[in-house]
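Peer 1: Show me how the following folds:
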Amino acid sequence: MSNIKAIKVVILCIFLTCTFPYAARANYTSEEFIKSFFDIGFKEVNVALQESKKHFKKDIALPVQIPPIEFTHSFGRFSDLDGDVNDGFEIEYRHINKPKNHYMIWVKPVKYGLQIRKEHINQTYELHNGSKAIYSTEMARGFNLFIFEKNGWQYVLSISKTISNQVTPEILLEIANSVSL
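Peer 2: Down below sits the predicted model:
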């Protein structure tokens, strides 16, 4: 039951960030854009990362590579919800004037990670360290997901379907391989 709840939380996060009102609004200032994310709990990536490391008492390695598309802003958020099942760290990369340029990273302890059903897997990949990754176009409406595990963490790389021709599964595999501790 807790895995279903975790999946619902991830899908809700994707839905909220997809439908967030500022994402579709044109001609607003960078300050308004930033405030809109800070109002829903986001902050500077490094601040949220430090909060997450402190909470989990473990380092979190992030990819050193990002998708080859333009972003103007990045935001981080540490979620400390009911119990430990839904706790996690997330980063959003956005472009103030190009809502389709939307990329997210979620990091959770493996034991609380998403359980993936076979029917949601489009492709399976192997990372440089020999671990498996899956690519899904079925799990989240409007987003393609690349899910893998490293160093006791489950990572979910999420890219808007509208730019999936520019950010292919192979690019997401390269990003996954750039995570190291």
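
Peer 1: Helices of the chain, start to end?
Peer 2: 2-19, 21-24, 30-38, 45-56, 169-177 (DSSP state H).

Peer 1: in this structure, which residue is closest to the centre?
Peer 2: Closest residue to the average C-alpha location of the chain: Ile105 at 2.2 Å, with Cα atoms, centre = their mean.

Peer 1: per-residue confidence for the residue lying closest to that residue once chain neighbours are set aside?
Peer 2: The shortest distance from Ile105 to any residue other than its chain neighbours is 4.6 Å, reached at Ile91 (Cβ to Cβ, 6 or more residues apart in numbering). For glycine as for every other residue, the C-beta is placed from the backbone atoms N, C-alpha and C. At Ile91, the model reports a pLDDT of 98.

Peer 1: check contacts around Ile91.
Peer 2: For Ile91, the contact set (Cβ atoms under 8 Å, 6 or more residues apart in numbering) comprises Val45, Ala48, Leu62, Ser74, Phe75, Gly76, Arg77, Met104, Ile105.

Peer 1: is it in a bridge, and if so with what?
Peer 2: When bridges are called by DSSP bridges, Ile91 pairs up with Gly76, Ile105.

Peer 1: Next, work out how far apart it and Thr137 are.
Peer 2: Per Cβ to Cβ, to the nearest Å, Ile91 is found 21 Å from Thr137.

Peer 1: For Val47, see how far away Lys54 is.
Peer 2: According to Cβ to Cβ, Lys54 and Val47 sit 11 Å apart.

Peer 1: So for these two, which residue has more residues nearby?
Peer 2: Val47 (13 against 10; other Cβ atoms under 10 Å).

Peer 1: My guess is that one contacts Gly76. True?
Peer 2: Yes: Val47 is within contact range of Gly76, at 6.8 Å (criterion: Cβ atoms under 8 Å).

Peer 1: closest to Leu173 among the contacts of Ile91?
Peer 2: Closest to Leu173 out of the contacts of Ile91 is Ile105 (14.4 Å), distances taken as Cβ to Cβ.

Peer 1: Right, I'll call it a day here.
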